Every structure is written in structure tokens, then in C-alpha cells.
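# model this:
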Amino acid sequence: MTHKVPSDARRTHGQDDLQRNLTNRHIQLIAIGGAIGTGLFMGSGKTISLAGPSIVFVYAIIGVMLFFVMRAMGELLLSNLQYRSFIDFSDDLLGPWAGFFTGWTYWFCWIITGIADVIAISAYAQFWFPGVPQWAPAIACVGLLLALNLLTVKLFGEIEFWFAMIKIVAIVTLVGTGVYMVATGFTAPTGRQASLANLWNDGGMFPHGAMGFFAGFQIAVFAFVGIELVGTTAAEAKDPERTLPRAINSIPVRIIVFYVCALLAIMAVTPWRDVVPHKSPFVELFVLAGLPAAAGIINFVVLTSAASSANSGVFSTSRMLYGLALKGDAPRAFHQLSRASVPSRGLLFSCACLLGGAFLMWVIPDLVQAFTLVTTVSAILFMFVWSLILLSYIAYRRQRPVLHAASRYKMPGGVAMCWACLAFFAGILVLLTLESDTRQALLATPAWFVLLAVAYRVMRQRAAA
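Numbers count the residues shown, from 1 in each chain. Have a look, this model is predicted:
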């Protein structure tokens with residue numbers, strides 16, 4: 001017997017519902033784009049300096065754990081195609097509180113991530129337009145993304161397709177360049193020769209010991225933010241039973257190619273001690289290769305990466321508000337769709353929040369500290385959402401054994417693997433207490449859940465009245 005979601009959450013696929021206009025090509029590239037975060041381009045320098053060559057194990061471990069989270073999400077979404085996103089199955093399996101907390105937390109995740117991206121875009125734009133006020137690129141970017149997303153969901157898929165393609169080409173080019181430089185025995189101006197031996201001949205794979213290795217997790221986890229975005233596209237995928245499994249199953253290959261191979265190429269050419277923490281090692285490698293336009297090219301790649309993340313945030317937050325409004329957990333105005341079946345009011349509200357937050361961060365004197373705080377809060381909240389996906393799967397296995405038995409896309413490891421992933425996320429929270437800046441973010445995060453608890457109680461009292 002197939003379990004159905006509540007009647008108020010069901011709609012026919014007309015103008016009152018989201019349209020299934022995203023093709024397999026869109027879904028695959030959205031999944032790839034979500035798996036390649038801005039943190040890889042800009043944060044990898046700092047993670048290499050913290051963990052040394054062992055950083056490849058850090059990214060690999062995080063990637064493996066999140067693959068199982070995505071498999072759990074995939075089985076849940078395909079167990080009932082009435083589920084539009086993880087709001088629906090968390091609400092159905094864990095209770096209304098879970099849907100409320102998941103939806104609003106995910107919305108907030110992308111708002112604060114989007115704020116960081118908009119500020120990053122403003123900073124990158126200064127490379128070409130140093131005389132332009134910082135607020136101008138931010139407003140232009142948000143306005144452009146809003147206009148494009150208001151048209152059709154298919155256009156969002158096309159934008160993400162090309163944004164993701166730029167990132168893929170950049171990383172594949174970097175890996176290819178690194179392989180060529182190692183194969184030809186390239187020697188840098190410092191006298192260092194490109195060689196795989198650079199990975200272990202300077203203190204071994206773990207030069208800073210266990211503490212250095214564990215410190216890498218604090219920053220690396222933010223690089224994977226957005227990997228679950230493929231789940232928010234489920235309601236608008238043309239053939240979810242085919243496209244979702246293909247997108248999720250290819251995650252391990254993406255992690256190996258885009259994270260592990262890229263970092264190995266960087267550290268084989270540039271020994272890890274020579275990597276500058278506050279510079280992109282991608283730029284440094286292309287400069288060593290004799291590409292004079294490296295800085296400009298990588299600046300363009302990182303700018304499009306940040307724009308891709310902001311675009312994903314604008315898309316996903318509007319869909320979260322739509323799903324919350326369907327269940328009465330957000331103002332009903334967010335339930336109204338435009339003629340193109342786009343949640344336009346949710347888009348407008350999210351973009352307004354992006355601009356407001358960008359302005360607040362712009363006036364903070366120490367933007368680097370603010371950026372670290374925001375990205376750490378974002379990573380913590382994303383781990384909360386990932387944990388609720390795992391808890392929903394555990395509840396699904398207990399409540400719907402027949403559906404699990406009939407599933408053609410079962411999660412490997414089942415419930416035991418869910419508990420292992422939850423323990424892993426708990427361990428990362430412990431690691432966040434080790435550094436002062438991440439500890440501040442960890443201490444600030446509970447305020448969001450207190451606010452949500454109060455809002456949930458007020459809304460339930462109003463509904464009862």
C-alpha cells in the first residue's frame with residue numbers, strides 16, 4: 001500500500017503546481033554544480049595549510065558520508081512521488097515539527113550562504129572594476145538572478161548547466177595541467193620539481209598529526225554545501241525515477257575527480273608548505289604553468305561558482321517557501337505561482353533578504369571574520385538538515401517496511417549507516433569547538449532553533465484558535 005501525503009499538499013500538475021520541466025541533462029549538472037562548492041576554489045588553500053596532504057582523505061571521508069545521506073534521500077523521494085522535497089517526507093515521517101524546522105532551516109541556510117556568495121561576487125568584481133562601489137555588483141547580481149528565475153524553471157536549469165560546465169572545465173584543465181607538469185618533471189622558479197613524491201616527502205601524509213588532520217574538517221565541510229540540491233529539484237524533474245538515481249550514484253566519481261584529483265594535482269606541483277592559505281592554489285598552479293591570464297581566468301571561474309551558488313540559493317529558498325506555504329507553515333502568499341508556474345513571491349522575498357543581509361555584512365568592518373562566521377553557521381545548519389534526512393529514513397524503515405521492500409533504489413547499509421553518518425556529524429560539531437571563530441558560530445546557532453521553536457508554537461496556537 002502506497003502512503004500518500006496529506007490532501008492539502010497534493011495538487012494536479014497545472015498552474016497551481018510546480019512543473020516537471022528539468023531534463024536529465026539539467027539534473028545531472030545541477031547535481032555536479034552542487035557537489036563543487038566555492039569552498040573548493042577558495043578554501044582549499046587554507047585546508048591544505050592546516051592538514052597537509054592528508055586533506056585528500058578529509059574530502060574523501062566527507063564525500064563518502066554525504067553520498068549515503070543522498071542515497072537515503074533518494075530512496076525516500078522515490079518511495080512516494082508526491083514528495084516534492086525533504087520537507088514533505090520529514091513532515092510525513094517525523095511529524096509537522098520536522099517539516100517546519102527542515103523547511104525554514106534550509107531556507108535560512110541558503111539565505112546566509114547566498115549573502116556570503118553575493119559579498120564574494122562583489123569582491124571578485126573588484127578585480128576588473130576596482131573603481132565601482134562594492135554594493136553595485138551585489139545589487140546587479142541579485143537583480144539578474146531574480147529576473148532569470150522569474151521566467152521559467154527550465155531557464156534556471158540552463159543557467160546552472162552552464163555554470164556547472166565552467167567549473168568542470170576549470171577543474172579538469174587543472175588536473176590535466178598537473179599531470180602534464182609531473183610527467184615532464186616541471187621545475188618551479190623556487191627549484192622545487194613537480195613530483196608525486198611531494199605528497200609524502202615533507203613530513204609524510206600527516207605532517208601536523210591527528211590535530212591537523214581533524215582541523216581540516218572544519219572548513220572542508222562547507223565545500224560540500226549544496227550537494228543535497230538535487231533533492232529540491234525532484235518536484236520539477238521530468239523523470240525522477242531515472243534521473244535522481246543517476247545523479248546520486250555518480251557522486252563518488254565526482255568527489256574523486258573534482259576534489260581528490262584536483263588536490264593531488266595541486267600538491268604534486270606545489271608542495272603543501274608552499275601553498276598560501278589566503279590565496280587560491282588553482283591560480284598559483286596556472287601561474288606556474290606559464291599562463292599569464294591565470295588570475296583573470298580563475299577569478300572568472302570563482303565568480304561564476306559564487307553566482308552558481310547564489311542562483312541555487314534563490315531557486316531552492318523559493319521552493320522551500322512554496323512547500324511551507326502549502327502546509328500552512330508560511331504565509332499563504334508564498335503558495336501563489338506565476339503564469340510560468342514559478343513561486344514568484346517567494347523569489348522576491350528571498351532576494352530582498354539577500355540584499356538586506358549583504359548590506360548588513362557590508363557595514364561590518366572585518367568582512368573576513370564575518371564571512372567565516374556566516375559560512376560556519378551555514379555548515380552547521382546544513383548538517384542539521386542532513387541529519388533530519390537520516391532520521392526520516394530511520395523512521396521510514398520502521399513505519400513503512402512494505403515500501404522499503406518494494407523499493408528499487410535501496411540505501412546501502414540501511415539504518416546502521418544512518419547512525420554512522422549521524423555520529424560523524426556529531427564529531428564535526430565537536431571539532432568546531434577547537435577554533436575560536438568556529439566556536440563563536442557554534443554558540444550562536446542555537447538562537448535560530450529557539451526562534452523557530454517560538455514561531456512554531458505561535459503558529460500552532462493560531463491554527464488551533
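
# would you map the strands across the stretch 201-350 of the chain?
Taking DSSP state E, counting those that start in this stretch as the criterion, the stretch 201-350 of the chain contains no strands.

# number of residues surrounding M65?
The local packing of M65 (other Cβ atoms under 10 Å) involves 20 other residues. Just so you know, the C-beta spots here come from the backbone N, C-alpha and C atoms, and that holds for glycine as well.

# no wait, W200
Considering only other Cβ under 10 Å, W200 is surrounded by 14 other residues.

# state the distance from the closest residue to it other than its chain neighbours to P240.
Excluding the flanking residues, the one nearest W200 by Cβ to Cβ, 6 or more residues apart in numbering is P53, at 6.7 Å. P53 sits 40 Å away from P240 when distances are taken as Cβ to Cβ, to the nearest Å.

# over to I111?
From I111 to P240 the distance is 26 Å (Cβ to Cβ).

# for T375, same thing?
T375 is 31 Å from P240, by Cβ to Cβ.

# ditto for A164
19 Å.

# how long is stretch 258-271 end to end?
Between the opening and closing residues of stretch 258-271 lies a distance of 19 Å (Cα to Cα, to the nearest Å).

# what average pLDDT does that stretch get?
Regarding stretch 258-271, the rounded mean pLDDT is 84.

# one step back: I111 and P240 - which one has more neighbours?
Between I111 and P240, counted using other Cβ under 10 Å, the more crowded position is P240 (22 against 19).

# N80 is in contact with that one, correct?
No: P240 lies out of contact with N80 (Cβ atoms under 8 Å); the separation is 11.1 Å.

# from G74, how far out is the spatially most central residue of the chain?
When Cα atoms, centre = their mean is applied to the chain, the residue found nearest the centroid is G226 (1.7 Å). Distance of G226 to G74, given as Cβ to Cβ: 16 Å.

# rewinding a little: got the phi and psi for the residue nearest to the centre of the chain?
phi 100, psi 0 (degrees, to the nearest 10).

# does it touch S309 like I think?
Yes: applying Cβ under 8 Å, one finds G226 in contact with S309, separated by 6.4 Å.

# tell me the SS of Y409?
Secondary structure state of Y409, per DSSP: H, G, I helix; E, B strand; the rest coil, is coil.

# still on that earlier bit, mind checking how far the residue nearest to W200 is from M165?
Separation of P53 from M165 (Cβ to Cβ): 30 Å.

# more crowded one of these two?
Shown here are P53 and M165; by other Cβ under 10 Å, P53 has more neighbours (23 against 14).

# for S312, see how far away that one is.
For P53, the distance to S312 - Cβ to Cβ - is 31 Å.

# same deal with I248?
Counting by Cβ to Cβ - I248 and S312 are separated by 17 Å.

# before we move on, what about L285?
The separation that L285 has from S312, given Cβ to Cβ, amounts to 27 Å.

# same thing with L50?
Noted for L50: a distance of 27 Å to S312, by Cβ to Cβ.

# looking at the two, which is more packed in?
Ranked by neighbour count (other Cβ under 10 Å), L50 and S312 place S312 first, with 27 against 23.

# measure that one to A379 for me?
Counting by Cβ to Cβ - S312 and A379 are separated by 16 Å.

# over to L78?
According to Cβ to Cβ, L78 and A379 sit 28 Å apart.

# and the two? Which one has more around it.
Taking neighbours as other Cβ under 10 Å, L78 and A379 compare with A379 leading, 27 against 18.

# so who does that one touch?
Neighbouring residues of A379 by Cβ atoms under 8 Å, 6 or more residues apart in numbering: 221-222, 225.

# which of the residues you listed lies closest to N149?
Taking Cβ to Cβ as the measure, N149 sits nearest to V225 out of the contacts of A379, at 19.5 Å.

# and that closest one, how many residues sit next to it?
25.

# the closest residue to it other than its chain neighbours: what's it in contact with?
Leaving aside its sequence neighbours, V225 sits nearest to F382 (Cβ to Cβ, 6+ apart; 5.2 Å). Shown in contact with F382 (Cβ under 8 Å, 6+ apart): 109, 225, 228.

# could I get those as JSON lines with pLDDT?
What follows is the contacts of F382, written out as JSON lines (pLDDT from 0 to 100):
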{"residue": "C109", "pLDDT": "84"}
{"residue": "V225", "pLDDT": "77"}
{"residue": "E228", "pLDDT": "76"}
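
# contacts for stretch 105-117, please.
Among residues not part of stretch 105-117, those counted as contacts by Cβ under 8 Å, 6+ apart are 38, 86-87, 225-226, 306-307, 309-310, 312-314, 316-317, 320-321, 324, 350, 353-354, 357-358, 361, 371, 374-375, 377-378, 381-382, 384-385, 448, 452.

# which residues of the stretch 251-400 of the chain fall in helices?
Applying DSSP state H, counting those that start in this stretch to the stretch 251-400 of the chain gives helices spanning 251-254, 262-269, 281-288, 294-326, 344-362, 367-399.

# among those helices, which is nearest L196?
Across those, L196 has its closest neighbour in helix 262-269 (5.3 Å, Cβ to Cβ).

# so what does the closest one touch, helix or strand wise?
With contacts taken as 3 or more Cβ pairs under 8 Å, 6 or more residues apart in numbering; DSSP states H and E, helix 262-269 sits against helix 38-51, helix 55-79, helix 153-183, helix 281-288.
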